[in-house]
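Asker: Based on what follows, work out the 3D shape:
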Amino acid sequence: MSRRNNLIKYSASRLALVPLMLWIISSLVFLLLRVAPGDPVDAILGNRATENARAALRERLGLDLPIWKQYCQYLNGILHGNLGETLINQESVSKIIGRSLPASIELGVCALLIALLIGGLVGFSSIARPQSKLDLSARVYGIATYALPPFWAAMLIQLVFAVSLGWLPVGGRFPPSLPPPSGSGFLILDSILNMNWIALQAAIIHLILPASTLGILLSGIFSRSLRINLERSLEADHIEAARSRGLPERQVILKHALPNALLPVLTIAGITVASLIGGALLIEITFSWPGLAMRLQEAIGQRDYPLVQGIVVVVSTLVVLVTIAVDLIVAAIDPRVRY
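Answerer: As a prediction, this is how the structure comes out:
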């Protein structure tokens, strides 16, 4: 009963920090955008616009207000679920995020599954034969995939599988010649629900290269983590006790060592959600993937304050919630976690 109460208190304390963290992130992005060089008016009208035209546009966009008034309006909009309108075409920021978020989630989830699968196989095969050539190759793989620049790896994979071999499309999310399936915006899910198998095949074909690239780049983190934690688990006293009972080594690893080694991997998987956003930026741009990262890059180039702020707030909220959810799951599963 005491552990349950402690877990409830720990969960409440973690959730209580969510508004504070989101307020800090929202305030930082607001201030950094205003301090950064560049003017949205110049991005919209160009450098040859007259002063009257610039002043009129600045007044229409609300950029002539004092910085504290802009900040108060910005926070008030967030509290009421209003992320504002873009400066370029006065389109709702929420609608743009609603169109782009499914693409980023679809890419991120598939990349994470690929990373977990490859990383798990590499890490497990490495510990199965320690100090062998297989182990050495797995270590080199982990270091190499972690160190590879995402844009370079993406372009290399494009050149090999799309340009040279012609197996897969160079970029994009869906063929422009086909009508996309209607629904939630998740093309694979919508294709299955509509039983549109042609659209499903097209969506998967376009997803393979970007998801595989991002998944391979992230798999090294999981392989290294799984190997290190498995190695530590195999040195524990309860593992020696299991071996002394004459259990096969395969059973010792799978049933006794692996469950304990997977808990840190679960934590890393939650943290990797944040890495997916940063890594997806270059992947989405290289593969012309219409997700949040690509929209963010376009908004930064156009100095579109509301769109940048809206995307950062939404992404930050998702990252914070996923991270806290993983922390709570680990705390509930692992009795060694103190709170």
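
Asker: C-alpha from now on. contacts and neighbour counts both.
Answerer: OK.

Asker: residue ranges for the strands of the stretch 201-339 of the chain, please.
Answerer: Counting by DSSP state E, counting those that start in this stretch, the stretch 201-339 of the chain has no strands to list.

Asker: Which stretches in it count as helices?
Answerer: 237-244, 249-251, 258-286, 292-301, 305-333 (DSSP state H, counting those that start in this stretch).

Asker: how far out from the middle of the chain is the fourth one?
Answerer: Centroid separation between helix 292-301 and its chain, computed with CA atoms, centre = their mean, to the nearest Å, is 15 Å.

Asker: what's the answer for stretch 292-308, then?
Answerer: Taking mean C-alpha positions (CA atoms, centre = their mean), stretch 292-308 and its chain are 17 Å apart.

Asker: Counting neighbours, which bits of it end up buried?
Answerer: 292-297, 299-300, 302-308 (16 or more other CA atoms under 10 Å).

Asker: tally of neighbours for Pro112?
Answerer: For residue 112 the amino acid is Leu, not Pro. By other CA atoms under 10 Å, 22 other residues sit near Leu112.

Asker: make that Lys95, sorry
Answerer: 12.

Asker: what angle do the strand or helix carrying it and helix 292-301 make?
Answerer: Using DSSP states H and E, Lys95 sits in helix 93-128. Interaxial angle, helix 93-128 versus helix 292-301 (axes from the mean of the first three to the mean of the last three CA atoms, to 10 degrees): 130 degrees.

Asker: And helix 93-128, what does it pack against?
Answerer: helix 133-147, helix 197-234, helix 258-286, helix 292-301, helix 305-333 (3 or more CA pairs under 8 Å, 6 or more residues apart in numbering; DSSP states H and E).

Asker: ok, of these, where does mean pLDDT dip lowest?
Answerer: The minimum mean pLDDT among the helices and strands packed on helix 93-128 belongs to helix 258-286 (a mean of 69).

Asker: still on that earlier bit, of all the buried residues of stretch 292-308, which comes closest to Lys133?
Answerer: Distance to Lys133 across these (CA to CA) is lowest for Ala293, with 38.9 Å.

Asker: give me the number of residues near the residue nearest to the closest one when sequence neighbours are not counted?
Answerer: In space, and not counting its chain neighbours, Ala293 is closest to Leu281: 4.6 Å by CA to CA, 6 or more residues apart in numbering. By the criterion of other CA under 10 Å, Leu281 has 22 neighbours.

Asker: what sits against Leu281?
Answerer: Ala293, Met294, Gln297 (CA atoms under 8 Å, 6 or more residues apart in numbering).

Asker: Now do the helix holding Lys95 and helix 133-147, the angle between them.
Answerer: 160 degrees.
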